[in-house]
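**Q** only geometry, no sequence info:
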Ligand code: BGC
């Protein structure tokens, strides 16, 4: 059994680091041409480094700067991708940020920034992707589906998270966005799913793993007793985007080392 994304074009948002970079590499190694999206000038070098790893390994792609919370930039990213590569087959809606604050101290800017990237960004990219899937129609030389969207959500789609109300709200909403799109476009053979990562070792949660004490307390929340790696998410993303997953749509898959079994109940309750 081989996971193949040959002849397919994938847009991976927030691919210059963390989970997005892991997914970009996995999709490229399965044969997809990958658009390594990054949000700003500052992340250009990182995005280029991800692309270099991809091309050094024999894969294909480009880097593309676009802030997914901005409608005009998202529309242009999809237009440019279609004019350069012909179409888009796979969208990995990954870009996400945290702006943590105690709820009563959370500013409107912290709220809007997180909702803007994590939720509105996923809406805008999904809308442009679906329009392109429908324009192209099914092409069996690429995939038996018309298009695939994978939302990168979080265990905080279901685990409430004190001090992170904006982030948890954005992730809870992604579940309804994903399921609604799966329902609305199922008959068009567009598959829409979410991956819900637990603690993955990336810059977004550095405070939770960069000292032995922090890592130890994090591991108390993970029955499988290790922190996740971007590749753990990339492996599933490649499978979910492939035709091997053709009957999977409208669901959230947790990749969390068991975090959502609520480890703290192992000795209590
Ligand atoms: C967050 C991380 C956190 C993890 C588990 C993720 O969605 O971005 O900061 O470590 O959930 O709590």
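**A** Great, that's in hand. Quick caveat, the model's predicted, so the values are computed rather than measured.
**Q** those helices in the stretch 101-250 of the chain, which residues are they?
**A** 108-115, 121-136, 165-185, 212-219, 230-241 (DSSP state H, counting those that start in this stretch).
**Q** Give me the distance from the fourth one to the chain's centre.
**A** Computed by Cα atoms, centre = their mean, to the nearest Å, the separation of helix 212-219 from the middle of its chain amounts to 25 Å.
**Q** what residues does that helix touch?
**A** With Cβ atoms under 8 Å, 6 or more residues apart in numbering as the test, helix 212-219 has contacts from 199, 207, 208, 209, 225, 226, 227. Yep, even glycine has a C-beta here, placed from its N, CA and C like the rest.
**Q** try the first one
**A** Contacts with helix 108-115, where a contact means Cβ under 8 Å, 6+ apart, come from 97, 98, 99, 101, 166, 167, 169, 170.
**Q** Out of those residues, which end up buried?
**A** 97, 98, 99, 166, 167, 169, 170 (16 or more other Cβ atoms under 10 Å).
**Q** which SS state does the second one fall under?
**A** In terms of secondary structure, residue 98 is coil; the call rests on DSSP: H, G, I helix; E, B strand; the rest coil.
**Q** ok, back up a step: any chance of the helices of the stretch 101-250 of the chain in a markdown table, plus mean pLDDT and distance to residue 30?
**A** Formatted as a markdown table, the helices of the stretch 101-250 of the chain follow (pLDDT from 0 to 100; distance: least, Cβ to Cβ, whole Å):
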| stretch | mean pLDDT | distance to residue 30 |
| --- | --- | --- |
| helix 108-115 | 98 | 31 |
| helix 121-136 | 99 | 19 |
| helix 165-185 | 98 | 22 |
| helix 212-219 | 97 | 30 |
| helix 230-241 | 98 | 5 |
